[in-house]
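Visitor: this one's sequence-less:
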């Protein structure tokens, strides 16, 4: 799910869709208006799910897609071979997510952790 917002309303730390991938905005720089044009905005972002750097240049009056990111709570059911099985505490559905060794060390079976959902993708939010 996504919505449209004007580029001038975006802020650092918010989300934006670049190349059909939800990204976190790391920096925004706006140039001054020219003699024959409008002000341009350069948005530097990092992908939420693939951690790849992306950037785009758009006029500040242009509309851009912003993903709807939901922060949910899930209970850890099992952990094995870099895969964690979570039960969503909202609708009690289960899902399996790949995790790193560091994330695996921070989790225990039965505890509740936060995860992010956006555009049909999931990511564990371990801080």
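Guide: Structure received. Everything quoted here is computed from the prediction, not taken from an experiment. Numbers count the residues shown, from 1 in each chain.
Visitor: what does the helix or strand of the chain with the lowest mean pLDDT contact?
Guide: Counting by mean pLDDT, DSSP states H and E, the weakest-scoring helix or strand in the chain turns out to be helix 101-106, with a mean of 84. By Cβ atoms under 8 Å, 6 or more residues apart in numbering, the residues outside helix 101-106 that reach it are 79, 82, 84, 124, 126. Just so you know, the C-beta spots here come from the backbone N, C-alpha and C atoms, and that holds for glycine as well.
Visitor: next up, phi/psi of the second one, please.
Guide: Backbone geometry at residue 82, expressed as degrees, to the nearest 10, gives phi 80, psi 20.
Visitor: who's in contact with it?
Guide: By Cβ under 8 Å, 6+ apart, the contact list for residue 82 reads 98-101, 104.
Visitor: between these, which is closest to residue 42?
Guide: residue 100 (31.4 Å; Cβ to Cβ).
Visitor: and the gap between the closest one and residue 123?
Guide: Look at residue 100 and residue 123: by Cβ to Cβ, to the nearest Å, they are 12 Å apart.
Visitor: coming back round to it: most surrounded residue in the contacts of helix 101-106?
Guide: Among the contacts of helix 101-106, residue 84 has the most neighbours (other Cβ atoms under 10 Å), with 22 neighbours.
Visitor: per-residue pLDDT, the nearest residue to that residue once chain neighbours are set aside?
Guide: Nearest residue to residue 84, sequence neighbours excluded (Cβ to Cβ, 6 or more residues apart in numbering): residue 99, at 5.1 Å. Residue 99 is assigned a pLDDT of 87 by the prediction.
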